[in-house]
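*Asks:* Pasting a predicted model and its sequence here:
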Amino acid sequence: MSWQKLKKGRYSKPFGEYFITFTCHNRHATFIEHHLAKRFCQSISYNEQQHDCSWLAWVLMPDHFHGLVRLGNTELGKVVGHLKGYSSHMINQCVQGNSKVWQGACYARALRAEEQRIAIARYVVANPLRAGLVTNIGSYPYWNSVYL
């Protein structure tokens, strides 16, 4: 199913910023495996290179992903679709399989100009702390933020 079919009426604004969440297929904890999480993390920079975007803050949890993305002159659906598709391909290549990695839909919320990006970035990055995976974010390897 395409992004447009899943999110009818959603408008993707070039140069806009969006808070994104998508989950693993059936909430499977795919990224508990370090080598698979590492593959996804590598997909982030490739996604930025292939599409005119910048992931300002992101965190990969064992069964989902949160990110704050700033688009260039591109569409949100293309950026998210590529990240999910490319990372699925890389993960399946790693496990020599052909499994569905991600749920079809994702949550996306456009940020308004007056919203505080740093507060949202902190919320994104603090997910492993709230989930009790670590007591210090520096101990969690699967995140990045231009603000922190």
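*Replies:* Nice, I can see it.

*Asks:* residues making contact with the lengthiest helix in the chain?
*Replies:* Using DSSP state H to define each element, the chain has its longest helix at helix 76-95. Helix 76-95 is contacted by residues 2-4, 7, 10, 12, 16, 18, 20, 22, 30, 35-36, 39-40, 42-44, 46-47, 50-51, 53, 69, 71, 98-102, 106, 108 when judged by CB atoms under 8 Å, 6 or more residues apart in numbering. Using the backbone N, CA and C atoms, a C-beta is placed for each residue, glycine as well.

*Asks:* Would you tell me what the next helix or strand after that helix is?
*Replies:* strand 107-110 (DSSP states H and E).

*Asks:* And that next one, what's buried?
*Replies:* Neighbour-count burial for strand 107-110, counted by 16 or more other CB atoms under 10 Å, picks out Ala108.

*Asks:* Adjacent strands (with direction) for that strand?
*Replies:* Using DSSP bridges, strand 107-110 pairs in its sheet with strand 17-23 (antiparallel).

*Asks:* Can you list the buried residues in the strand it pairs with?
*Replies:* Glu17, Tyr18, Phe19, Ile20, Phe22, Thr23.

*Asks:* Find the nearest non-adjacent residue to the fifth one, please.
*Replies:* With sequence-adjacent residues excluded and distances taken as CB to CB, 6 or more residues apart in numbering, Phe22 is closest to Cys106, at 3.6 Å.

*Asks:* swap in the third one?
*Replies:* Closest residue to Phe19 apart from its sequence neighbours, by CB to CB, 6+ apart: Arg109 at 4.7 Å.
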